[in-house]
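S.K.: okay, structure incoming, though there's no sequence with it:
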């Protein structure tokens, strides 16, 4: 088994670049950090090129024959390539899915979709993807300006739910029009005079729900396209809800 201990190693430098979208695109790979994500990826039959593992972790896993290639790395290398403060010491180099000519083809439109408009915080994104998974949604669409699906902090925050539903990166305007053409209404999230309380909505089996940027909300272009904009009544004195909390309330409230 190959062993790599130096931060100056050419492979280590390449793995570090996987924290950037440019690096992932150039190498055709993305990094999964920790046993939970690695095992979930294996269950989902994700194409894994190499497993990177420290000596400590190697001693706890006697059978790693199902991985095509193994490289032992030092604890220093593990800390260097990880986006977390205390990495477990196991990583998978997963093959980046090839972009399709039409990201909106072959989608399950029989159930709801969550649409993320310029959402920036990886933790919020991970929480919303996990909640969409729990609520039974078909998938999550990452719109323009939203953090990349395979950004390491996003991958970690999704906690394996990324392997349980469909995730796509697309222009949300095109996706909204596709949903509406299929007869699925699209709901926005904004408090305005025309907005409806979400509990008053009798949503069908298939619909789209757009959640906007943490500070600025949804774009005006998307607000103009929605079938109805929704609000969550606040009974206390808080001015607003965190976007991930609001998304969870709306997803479970609408898809019932």
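M.R.: Nice, I can see it. Treat the numbers as computed from the prediction; the structure is a model and nothing was measured.

S.K.: let me see the ranges of the helices in this structure.
M.R.: Using DSSP state H, the helices found in the chain span residues 10-16, 21-27, 35-43, 55-60, 75-81, 122-135, 152-158, 172-181, 220-223, 243-254.

S.K.: can I get those helices in JSON lines including mean pLDDT?
M.R.: Formatted as JSON lines, the entries for the helices of the chain read as follows, by pLDDT from 0 to 100:
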{"stretch": "helix 10-16", "mean pLDDT": "97"}
{"stretch": "helix 21-27", "mean pLDDT": "97"}
{"stretch": "helix 35-43", "mean pLDDT": "95"}
{"stretch": "helix 55-60", "mean pLDDT": "92"}
{"stretch": "helix 75-81", "mean pLDDT": "97"}
{"stretch": "helix 122-135", "mean pLDDT": "98"}
{"stretch": "helix 152-158", "mean pLDDT": "95"}
{"stretch": "helix 172-181", "mean pLDDT": "97"}
{"stretch": "helix 220-223", "mean pLDDT": "94"}
{"stretch": "helix 243-254", "mean pLDDT": "97"}
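
S.K.: residue 188 is nearest to which of those?
M.R.: Nearest to residue 188, of all the helices of the chain, is helix 220-223, at 5.6 Å by C-beta to C-beta. Heads up, the C-betas are built off the backbone N, CA and C, glycines and all.

S.K.: who are the packing partners of that closest one?
M.R.: Secondary structure elements in contact with helix 220-223, counted by 3 or more C-beta pairs under 8 Å, 6 or more residues apart in numbering; DSSP states H and E, are helix 172-181.

S.K.: the helix it packs on: how far from the chain's middle?
M.R.: 20 Å (C-alpha atoms, centre = their mean, to the nearest Å).

S.K.: buried ones in it?
M.R.: For helix 172-181, burial by neighbour count (16 or more other C-beta atoms under 10 Å) applies to 172, 175, 176, 178, 179, 180.

S.K.: from the residues you listed, which single one is nearest residue 192?
M.R.: Distances from residue 192 to the buried residues of helix 172-181, taken as C-beta to C-beta, are shortest for residue 176 (17.9 Å).

S.K.: just checking, that closest one touches residue 186?
M.R.: Yes - with the criterion set as C-beta atoms under 8 Å, residue 176 and residue 186 qualify as a contacting pair; they are 5.0 Å apart.

S.K.: contacting residues around residue 25?
M.R.: Listed by C-beta atoms under 8 Å, 6 or more residues apart in numbering, the contact set of residue 25 reads residue 96.

S.K.: okay, the helices of the chain in JSON lines with distance to residue 206 next?
M.R.: Listed next are the helices of the chain as JSON lines, based on distance: least, C-beta to C-beta, whole Å:
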{"stretch": "helix 10-16", "distance to residue 206": "40"}
{"stretch": "helix 21-27", "distance to residue 206": "31"}
{"stretch": "helix 35-43", "distance to residue 206": "27"}
{"stretch": "helix 55-60", "distance to residue 206": "43"}
{"stretch": "helix 75-81", "distance to residue 206": "41"}
{"stretch": "helix 122-135", "distance to residue 206": "14"}
{"stretch": "helix 152-158", "distance to residue 206": "23"}
{"stretch": "helix 172-181", "distance to residue 206": "8"}
{"stretch": "helix 220-223", "distance to residue 206": "18"}
{"stretch": "helix 243-254", "distance to residue 206": "11"}
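
S.K.: of all the ones you listed, which lies closest to residue 1?
M.R.: Between residue 1 and the helices of the chain, the tightest spacing by C-beta to C-beta is seen for helix 55-60, at 8.5 Å.

S.K.: list the buried residues of the closest one.
M.R.: Along helix 55-60, these residues count as buried under the neighbour rule (16+ other C-beta under 10 Å): 57, 58.

S.K.: same deal with stretch 203-215?
M.R.: So, applying 16+ other C-beta under 10 Å, buried residues of stretch 203-215: 203, 206, 207, 208, 209, 210, 211, 212, 213.

S.K.: which ones among those residues are found in strands?
M.R.: Assigned to strands by DSSP state E, the following of those qualify: 208, 209, 210, 211.
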